[in-house]
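Novice: Could you work out the structure for the sequence below:
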Amino acid sequence: MAVLLGLLLLGVTAGSAMAMPFQKEPIKPQNQVGLGSVVMTRLESTSGAIIEKHRQYIGTGAGYAWYYKVKHNGRGYIDVSVFKWVPLGGYLTITIMPDMTTYSFNGHNFKLYSMKSFGVGNYRYKVVVANYDSWVSLGGWWTMGVKFDAGYGTHGIITLGMTEWPILDTILEKLGIKGRLTNKGKKLLEFVTKGSTSALVDIIGLLLSGYNVDVAIFKEV
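Specialist: Numbering: from 1, shown residues only. This next block holds a predicted model:
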């Protein structure tokens, strides 16, 4: 993708992402969707809500993502990291997730821009927008507490990273998940609300053509 040309990728181990979301060696992040992605989305818990996790192959074009089995109504948090030199124009992450309970936001070089729940057709989802907030052109991360109350079964979280500064409604309409629900929008929400990886594979090419992308999959039991 053109948006990825010239980026210096910076990596961390999963265990150290919170303490230091980048390092000097330009190594590739470990589990991103799409070649050359610089965004990583993880789930963590300090209360034992995550029962197990492993990398799961999604399909052609989508690669691998982390899959989690979590306790229904357990507490945890979403961790989104950006491994790149952020250009002077800044960087934005848009995370689309099930409409579940959220708690405090904490960021390193990122701040919460907006968080809102939406409904279209029979789907409910939440969108968290965070923008880069530093004069130093390095990567960063943000975390947000969540309650795993999306409902028993499988769900998905998708993070889009971009250097532009779009109007959120315009992006959601472009994705087909606001206003008139399009076929690609339905597939995206099938992934978010039901964890359908086949639906994600069907639209991953469209997503990768305009954004840095990473996803996480979780099953509430």
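
Novice: Parallel or antiparallel, which strands does the helix or strand hosting V129 pair with?
Specialist: Under the criterion of DSSP states H and E, V129 resides in strand 123-132. With DSSP bridges as the test, strand 123-132 is paired with strand 92-98 (antiparallel), strand 110-120 (antiparallel).

Novice: mind putting the ones you listed in TSV, distance to N73 and mean neighbour count included?
Specialist: C-beta here means a position set from N, CA and C on the backbone, and glycine is covered the same way. As requested, the strands paired with strand 123-132 are exported to TSV (distance: least, C-beta to C-beta, whole Å; neighbours: other C-beta atoms under 10 Å):
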stretch	distance to N73	mean neighbour count
strand 92-98	13	23
strand 110-120	19	15
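
Novice: circling back: tell me the first helix or strand C-terminal of the strand holding V129.
Specialist: Counting by DSSP H and E, the next helix or strand C-terminal to strand 123-132 is strand 140-147.

Novice: pull the CA atoms of that next one into CSV?
Specialist: Taking Å, rounded to 0.1, in the frame of the first residue of the first chain, the C-alpha atoms of strand 140-147 are listed here in CSV:
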residue,chain,number,x,y,z
GLY,A,140,2.8,5.0,20.8
TRP,A,141,0.0,3.0,22.3
TRP,A,142,-3.3,3.3,24.1
THR,A,143,-5.3,1.0,26.3
MET,A,144,-8.9,1.0,27.4
GLY,A,145,-10.6,-1.1,30.1
VAL,A,146,-13.5,-3.3,28.9
LYS,A,147,-16.0,-5.7,30.3
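
Novice: Which of the residues in whichever helix or strand comes after it are classified as buried?
Specialist: Sequence order places strand 153-162 as the next helix or strand after strand 140-147, per DSSP H and E. By neighbour count on 16 or more other C-beta atoms under 10 Å, the buried set for strand 153-162 is T154, H155, G156, I157, I158, T159, L160, G161, M162.

Novice: ok, the residues you listed vs V146, which is closest?
Specialist: When the buried residues of strand 153-162 are compared for distance to V146 (C-beta to C-beta), I157 comes out closest, at 9.4 Å.

Novice: quick one on the thing from earlier: return the member of the buried residues of strand 153-162 nearest to L175.
Specialist: L160 (8.4 Å).

Novice: Which strand residues bridge the closest one?
Specialist: As for beta bridges, L160 partners with I94, V213 under DSSP bridges.
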